[in-house]
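In: my questions are about this predicted structure, shown below with the sequence.
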Amino acid sequence: MKNSKNVVFVLITFFFCSVTANTQALDKDTETITGVFDSFDGEHFIFSYTNEEDEEDVIVFAKANSEILKKFNLSSEKFMSKTFNITFITETETEIDEDGDEQEYSFRTIVDLELLD
């Protein structure tokens, strides 16, 4: 009986943490663009899009939420050349380099994808 209570508690805690993590990602300032999926190079998801100056450009995403990757296997060629609405967040992290100096870098994470074609 005690083990079943523990299992239920762990499941409820896991669910709460999952929901909280997803909500926190969506609470950050998001941006949405329309882009064509070009490739996955093993580390980055690469899309082509038209920027604010009406010029063709490329945008690179370092991460994608696991739910997105379950829905769209971007490591396969199935979605190459497909058009998506891409909702993402940009995060900045700080690291200390070998000289002891702080270095800031930004990376983008896909938080939602909508297949348009």
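Out: Arrived safely, thanks for sending.
In: any chance you could map the strands in the protein?
Out: Under the criterion DSSP state E, the chain contains strands at 30-40, 45-50, 56-61, 63-64, 83-96, 102-115.
In: can I get those strands in TSV including mean pLDDT, mean neighbour count and distance to residue 72?
Out: Quick note: C-beta positions are derived from backbone N, CA and C, even for glycine. As requested, the strands of the chain are exported to TSV (pLDDT from 0 to 100; neighbours: other CB atoms under 10 Å; distance: least, CB to CB, whole Å):
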stretch	mean pLDDT	mean neighbour count	distance to residue 72
strand 30-40	97	16	9
strand 45-50	97	18	10
strand 56-61	97	14	12
strand 63-64	96	19	8
strand 83-96	95	15	8
strand 102-115	95	15	6
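In: of these, which approaches residue 70 most closely?
Out: Nearest of these to residue 70, taken as CB to CB: strand 63-64 at 10.1 Å.
In: sheet-wise, list the partners of that closest one with their directions.
Out: Sheet pairing of strand 63-64 (DSSP bridges) gives strand 102-115 (parallel).
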